[in-house]
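1. mind looking at a prediction? Sequence and model below.
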Amino acid sequence: MSELSVNHLLGIKQVSQEDIHLILETAENFKEVINRPIKKVPSLRDFTIANLFFENSTRTRLSFELAEKRLSADVINFSAASSSVKKGETLIDTVNNILSMKVDMVVMRHPNPGASVFLSNHVNASIVNAGDGAHEHPTQALLDAFSIKEKLGSLEGKKVVIVGDILHSRVALSNIFCLRKLGAVVKVCGPETLLPKHIKSLGVDVENNLDKALKWCDVANMLRVQNERMSTRYFPSTREYVAQYGLDKERLNRLDKEIVIMHPGPINRGVEISSDIADSQHAIILDQVQNGVAVRMSVLYLLASKLKHYNRN
Amino acid sequence: MSKKLLLSAERINIILNRLACQLIENHNEFKDTVIIGIQPRGVFLSERLKQLLREEYDIADVKFGKLDITFYRDDFGRGNKVLQANKTDINFIVEDKKVVFVDDVLYTGRSIRSALTALQSFGRPRSVELLTLIDRRFSRHLPIQPDYKGRQVDAINKERVIVSWKENDGEDAVYIITQGE
């Protein structure tokens, strides 16, 4: 008998190790469910969930929507591009208007760090952060942890290197919190300009040489270079970036062991990872996507169970 | 709190043999029959039946599964803590099969209601029967009755019926526990 210690999933920083274990264990059961001929359970039949996306997304939005539907919840979708936000409505007004239509949970992606924390203090619904600026992306970290655990059995003592654009990456920050809470050893690797200044204070090591990092690690998580967030040049040219930080067959062949290769998507093929590696058996990129649905089902299910839905009046 | 022994290991063994024989009587060679233990505690009973059928009656060719009903419960979101889910392990389709649900105690009938819903994810069975070691009479919330029962008990609501299994709890026994005043 167990439940989460939190009422919202705002970031991995706020959840305990027990919470993470509970989410991952429950996700295993949901993974079995979504591989059945009939992939649906009735648990959230009387719940309504709003997906609010103030920033573009394909994978995360579809994954959340599918998770919600597999749990039998009613779903409404909102994207900022086609909404009254453009007319000057504030975040709280937008969300309160949506909640007045009797919505129980909100899944939100927003370009500003802390938007979901802010929202959780002002509205009466359970909030799931689906990415807030360069801050956190908790469900991505959970599905990454789930995928590594599935492949290697456990996270305890495993060596994980996160490669690339750490500076603009909410995936990196959430992953660092999550992996460390589960006992993994974490290194970040990238050009100095794309590493946050005080990253070591999070308890991770820094390595600028990709070959050395790969030699050390069990798992390499290759992040996308987020050109859309770069207002200035962080490296001389894409070609130089690929030469130093791109993962290709040649680099992998130089290793005397097999490593697990991950990517949160979307991939810039030929930049951070070459096509043949992205499509090879070492890469678990598509497993990550499938596990994402199970992990999000688990998060929504466990948060919904805390809502006291039927004794609200 | 008082603890009263309802069934000893010896009695349980006699009952299990009878239940196995009743299953054989109705299902002959188990050609189209599948036996599904309800997680978590029904699985111990279904494993015992599996072992009995194989070792005592030479019937080894029966399909067995485990079904978890956590996500199908009807009390979700009603202030109760959620139960931790268990593994569902059904690697066959129940379409047109004769299903026998196995659980240790039948009480309100709500677990079996959830199990019937959960089963729909694996196809449309020809029929569903229920086998239970203990049938608590007069406490049903739903019109659900067992087809095979080990022992009927008239326990009142504040009493609890506990089934222990050797492989999990150290002994085979059934107790009735009465909470103190």
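-> Yep, that arrived.
2. pLDDT (mean, whole number) over the longest helix along chain A?
-> Counting residues, the longest helix found in chain A (DSSP state H) is helix A:285-304. For helix A:285-304, the mean per-residue pLDDT is 96.
3. if we go by neighbour counts, what in that helix is buried?
-> Buried residues in helix A:285-304, counted by 16 or more other C-beta atoms under 10 Å in any protein chain shown: A:285, A:287-304. (C-beta placed from N, C-alpha, C; glycine too.)
4. now swap in stretch B:144-164 and tell me
-> In stretch B:144-164, counting by 16+ other C-beta under 10 Å, buried: B:144, B:146, B:148-150, B:153, B:155, B:159-164.
5. tell me if that stretch is near chain A.
-> No: contact of stretch B:144-164 with chain A (C-beta under 8 Å from any C-beta of the partner chain) is absent, the minimum separation being 15.7 Å.
6. strands of chain A, start to end?
-> Assigned by DSSP state E, chain A shows strands spanning A:48-53, A:74-79, A:105-110, A:126-132, A:159-163, A:185-189, A:205-207, A:219-222, A:260-262.
7. can I get these in a markdown table with mean neighbour count and mean pLDDT?
-> Output for the strands of chain A, formatted as a markdown table (neighbours: other C-beta atoms under 10 Å in any protein chain shown; pLDDT from 0 to 100):
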| stretch | mean neighbour count | mean pLDDT |
| --- | --- | --- |
| strand A:48-53 | 22 | 94 |
| strand A:74-79 | 16 | 91 |
| strand A:105-110 | 24 | 95 |
| strand A:126-132 | 25 | 96 |
| strand A:159-163 | 25 | 97 |
| strand A:185-189 | 23 | 97 |
| strand A:205-207 | 16 | 95 |
| strand A:219-222 | 26 | 97 |
| strand A:260-262 | 23 | 96 |
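8. would JSON lines of the ones you listed with distance to chain B be doable?
-> Listed next are the strands of chain A as JSON lines, based on distance: least, C-beta to the nearest C-beta, whole Å:
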{"stretch": "strand A:48-53", "distance to chain B": "12"}
{"stretch": "strand A:74-79", "distance to chain B": "14"}
{"stretch": "strand A:105-110", "distance to chain B": "11"}
{"stretch": "strand A:126-132", "distance to chain B": "11"}
{"stretch": "strand A:159-163", "distance to chain B": "27"}
{"stretch": "strand A:185-189", "distance to chain B": "29"}
{"stretch": "strand A:205-207", "distance to chain B": "36"}
{"stretch": "strand A:219-222", "distance to chain B": "26"}
{"stretch": "strand A:260-262", "distance to chain B": "25"}
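9. so how many other residues sit close to the closest residue to chain A within chain B?
-> Nearest to chain A in chain B, going by C-beta to the nearest C-beta, is residue B:77, at a distance of 3.5 Å. Residue B:77: 21 surrounding residues under other C-beta atoms under 10 Å in any protein chain shown.
10. go ahead and confirm it touches residue A:304.
-> Yes: the pair residue B:77 / residue A:304 is scored as a contact, 6.4 Å apart, by C-beta atoms under 8 Å.
11. done for today, thanks.
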